[in-house]
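In: how would this look folded up:
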Amino acid sequence: MLYPPFVCLQTQPPFSFKDNLSPFSLQKNSMATSSTSLSLSFDSALQPILFHSSHHPSCFPTTFLSAPRSSSLSIHFRRRVPPLSPPQAVDSSVKNPTPGPFLDPTTLEQLKILGDFHQLHEFEHGSLEIRPMEDSELDNAVTLLAESFIESMWLPDQYAQLLAILVNQYVVERRRLMPHMVVLVGLYKSRGEEEEAQIACTAEVSFDALGANAAPPTPSPPRECPYICNMTVKKPLRRKGIGRKLLKACEELIIKMKAKSDVYLHCRVVDKIPFSMYKKAGYKVVKTDSILVWLTAQRRKYLMHKKLPQTISDNISDSDDDHS
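Out: Numbering: from 1, shown residues only. The predicted structure follows:
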């Protein structure tokens, strides 16, 4: 179930798997631009709070969010210094390469694993293809996430346009951290229909501390461990087994990426159906939000944990409970 109580947005160009994974494949998509950092608590519409990014706070602009009594949000930016140079690999054939962080062989291998990751699932009602999101799918994925936020946070319709802008900036910036994180999408096509496959679900996975969110929800998961968040399924396609397959795909990718075997996710206390799915998938509650979280106009959440096996296995129940 989609539930990040706030997102940290830092706008930069994303990486595309359509590009060749050569040592310099990231450079053309990593043009150095001015950076924008936003932090927004979607669950704090009644009591707006100022949040700051923990990712190099001196390198990003500060954003102030305020909600006047007219229920509209105003955003004010203050620019600071530009971001670092884009990453690139060592290549002796290139003279005077642009200064910046280098891609080591491990990083290139991880990028290849992400680029090759692909799953196809067949149902009686249709087919589902799960893979990393491409640039061309950004708008549809953002729309799905924004709709899920509106639904789960009970936000008024006038927030929809602003929410879509903020989610777009968040997703674009998060994808800059690949291969330390990835956004997966599921493309669904109903059986017997000639229409093109549509984005039916999405999920975000961080693999280590470098891909961890700057300001994760409470209770906070360990930054060095894999973390699954922003998982949602389009409303008309829920209870069809799609969320269960998406969760399994996230787990299998974590194993392929050779990340730590302890994986974490959040589930709101009020979300009984997703909670049941996570429990049947092997997740256990390790911590629960204090009742005092209500003072920040947020809903209480469980922090759930699962120990993944060393090899990929069918470790998720085939229950019909699927609402995520």
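In: wait, what's in contact with the nearest residue to residue 138 once chain neighbours are set aside?
Out: Excluding the flanking residues, the one nearest residue 138 by C-beta to C-beta, 6 or more residues apart in numbering is residue 171, at 6.6 Å. Every residue, glycine included, has its C-beta placed from N, CA and C. Applying C-beta atoms under 8 Å, 6 or more residues apart in numbering to residue 171 gives the contacts 14, 138, 141-142, 145, 183.
In: For those, pick the one with the most neighbours.
Out: For those, the largest number of neighbours (other C-beta atoms under 10 Å) sits with residue 145, at 24 neighbours.
In: Beyond whichever strand or helix holds the residue nearest to residue 138, next helix or strand please.
Out: Assigned by DSSP states H and E, residue 171 belongs to helix 160-174. Beyond helix 160-174 on the C-terminal side, the first helix or strand identified by DSSP H and E is strand 181-190.
In: Heading C-terminal from that next one, find the next helix or strand.
Out: Strand 181-190 is succeeded, C-terminally, by strand 198-206 (DSSP H and E).
In: Now do the buried residues in that following strand.
Out: Going by neighbour count (16 or more other C-beta atoms under 10 Å), the buried part of strand 198-206 is 199-206.
In: farthest pair in those?
Out: Greatest spatial distance among these (C-beta to C-beta): 200 and 206, at 22.3 Å.
In: And the buried residues of strand 198-206, which is closest to residue 236?
Out: Nearest member of the buried residues of strand 198-206 to residue 236, counting by C-beta to C-beta, is residue 200, at 9.0 Å.
In: For the residue lying closest to the closest one once chain neighbours are set aside, give me its contacts.
Out: Spatial nearest neighbour of residue 200, excluding adjacent residues (C-beta to C-beta, 6+ apart): residue 188 at 3.5 Å. Residue 188 makes contacts with 126-129, 197-201, 234, 237, 242, as judged by C-beta under 8 Å, 6+ apart.
In: Can you tell me the closest non-neighbouring residue to residue 208?
Out: Excluding its sequence neighbours, the residue lying closest to residue 208 (C-beta to C-beta, 6+ apart) is residue 180, at 5.5 Å.
In: Ok, residue 190 next?
Out: In this structure, residue 190 finds its nearest non-sequential neighbour in residue 126, 4.3 Å apart by C-beta to C-beta, 6+ apart.
In: That neighbour touches residue 186, doesn't it?
Out: No. Using C-beta atoms under 8 Å as the test, residue 126 is too far from residue 186 to be in contact (11.0 Å).
In: Show me whatever sits in contact with both of the two.
Out: With C-beta under 8 Å, 6+ apart as the test, residue 126 and residue 186 reach no residue in common.
In: give me the low-pLDDT residue ranges for the stretch 51-200 of the chain?
Out: By pLDDT under 70, the low-scoring segments of the stretch 51-200 of the chain are 51-102.
In: so where do the helices sit in it?
Out: Under the criterion DSSP state H, counting those that start in this stretch, helices of the stretch 51-200 of the chain are mapped to 105-116, 138-153, 160-174.
In: Those: which one's closest to residue 312?
Out: helix 105-116 (12.7 Å).
In: can I get the CA coordinates of the closest one in CSV?
Out: Extracted C-alpha coordinates of helix 105-116, given in CSV (Å, rounded to 0.1, in the frame of the first residue of the first chain):
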residue,chain,number,x,y,z
PRO,A,105,32.9,-2.3,-12.1
THR,A,106,30.4,-3.3,-9.4
THR,A,107,28.2,-0.3,-10.2
LEU,A,108,28.2,-1.2,-13.9
GLU,A,109,27.3,-4.8,-13.1
GLN,A,110,24.4,-3.6,-10.9
LEU,A,111,23.2,-1.4,-13.8
LYS,A,112,23.2,-4.4,-16.1
ILE,A,113,21.3,-6.5,-13.6
LEU,A,114,18.6,-3.8,-13.4
GLY,A,115,18.5,-3.4,-17.2
ASP,A,116,18.1,-7.1,-17.7
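In: Appreciated, that's everything.
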